[in-house]
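> next comes the sequence, and after it the predicted model I'd like to discuss.
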Amino acid sequence: MRRQLTPTVLTAAAVAGVVTFSLVASAPVGNAAARPSSAYAVSAEGQVPIPKTPLAESLDGKRQTTSALELPKNPLLSVRAGTATAGNDSASVELFDIVVGPDILSQVQIPPELKQQCASLPATGANDLPIPDIALPDLGLPLPKLSTKDLPVKNLPDLCNLLLNPPKSLLAIDSLNVYCSGDSGGVDLGSVTLLGQTLKLPSTKQGASLPSNPLAAISVNSQGKHSDGSFTITGLSINLGGGAEVINLASATCAKPAAKPKPKPTPHPDNPAPPQLDTPPAAPVPTPIKTHQAVTG
């Protein structure tokens, strides 16, 4: 069953402050070592390390596929299903129901004075009320110390809506598919929400980047060519806490096509004998017989 996400009432302007995307160019990745075609669904480095899971590698060009229905137990993220496939100069990944930072705001205890302010918001002029600066507790993720002013809200009503109706996760992705063939590839991205607010991510082959903010820095469709001729494309890279945790989702690498084995030449004798045909022996030459015949007349 897919997780149901509770949307928060955030204005477009408030979310735009943390989800303005800009195009970023791909850069070559230097690596002299040859690598096989490969693909993996999820990996993470930092305070909560997660190995590449599931991981498929094609060492001989033959198609390899592996799947996983769950990740190693961790407090950071979860997926419903992931499939990785690698073959001869091709690779792909399918991911469904990815959740980063589950129930991140559900543990926040709202101070009584803030509850009172939220309950007594005026009918008019509330949008002009400033956001109080209240320290947030440890959210269980590798994030810096945060306050209410670090949240993607622009006024007191927005903050009240966010804390009184907390979303189910920091980041949720409905589906993510990545594929490559040779030195090109693409990303198919489903619905994405940040703190319950649906984001419209640009679809571009060059990739897009979410500028750094206290919650997360997100890169979409990162591509790079390696010095050994291989090509890698990663669907989403999520940077938490300024590098304290880096999550990669759906990464595929296409290596150079596997070399086909050359046929070994068959040695031939210098003067081969003509082929022997299976034919019947020749008939013997007839021998004339001398005889005398009587003459009449």
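Received the coordinates, thanks. Numbers count the residues shown, from 1 in each chain.
> next, the buried residues of the helix or strand hosting residue 238.
Using DSSP states H and E, residue 238 maps to strand 231-240. Buried residues in strand 231-240, counted by 16 or more other CB atoms under 10 Å: 231, 232, 233, 234, 235, 236, 237, 238, 239, 240. All C-beta spots, glycine's among them, are computed from the backbone N, C-alpha and C.
> tell me how far the fourth one lies from residue 222.
So that's residue 234. Using CB to CB, to the nearest Å, one obtains 5 Å as the distance from residue 234 to residue 222.
> got it, and the second one?
Summarising the geometry, the distance separating residue 232 from residue 222, computed by CB to CB, is 8 Å.
> who touches both of these two?
Both residue 232 and residue 222 lack any common contacting residue under the criterion CB atoms under 8 Å, 6 or more residues apart in numbering.
> okay, and the residue most central in space within the chain sits in which element?
Central residue check for the chain by CA atoms, centre = their mean: the C-alpha nearest the mean position is that of residue 250, 1.3 Å away. Residue 250 belongs to strand 245-254 when elements are defined using DSSP H and E.
> what do you get for residue 115?
Using DSSP H and E, residue 115 sits in helix 112-119.
> same for that helix, what does it pack against?
helix 156-164 (3 or more CB pairs under 8 Å, 6 or more residues apart in numbering; DSSP states H and E).
> just checking, what packs against the helix it packs on?
Looks like helix 156-164 contacts helix 112-119 (3+ CB pairs under 8 Å, 6+ apart).
> helix or strand right after the helix or strand of the chain with the lowest mean pLDDT?
Within the chain, no helix or strand scores below strand 22-23, which has a mean of 34 by mean pLDDT, DSSP states H and E. Scanning forward in sequence from strand 22-23 by DSSP H and E, the next helix or strand is strand 37-46.
> sort out which residues of that next one are buried, please.
Buried-residue list, strand 37-46, by 16+ other CB under 10 Å: 37, 38, 39, 40, 41, 42, 43, 44, 46.
> ditto for stretch 137-150
In stretch 137-150, counting by 16+ other CB under 10 Å, buried: 139, 141, 142, 143, 146, 148, 150.
> now for the residues you listed, which pair is the farthest apart?
142 and 148 (19.9 Å; CB to CB).
> which stretches of the stretch 1-150 of the chain have low pLDDT?
The stretch 1-150 of the chain contains residues with pLDDT under 70 at 1-34.
> which residues in it form helices?
12-16, 112-119 (DSSP state H, counting those that start in this stretch).
> just to revisit the earlier point, what angle separates the strand holding residue 250 from strand 37-46?
170 degrees (axes from the mean of the first three to the mean of the last three CA atoms, to 10 degrees).
> just the mean pLDDT for strand 245-254, thanks.
Here strand 245-254 scores 94 as its mean pLDDT.
> distance between it and the chain's centre?
Relative to the centre of its chain, strand 245-254 is centred 5 Å away, using CA atoms, centre = their mean, to the nearest Å.
> go ahead and confirm residue 168 touches residue 105.
No: in this structure, residue 168 is not within contact of residue 105 by CB atoms under 8 Å, at 9.3 Å.
> now residue 185. Nearest residue, chain neighbours left out?
residue 233 (4.0 Å; CB to CB, 6 or more residues apart in numbering).
> which pLDDT value does the model give residue 237?
92.
> beta-bridge partners for it, please?
Bridge pairing for residue 237 (DSSP bridges) gives the partners residue 219, residue 248.
> what does residue 66 give?
The partner residues for residue 66, given DSSP bridges, come to residue 84.
> that one: what's it in contact with?
54, 55, 56, 83, 84.
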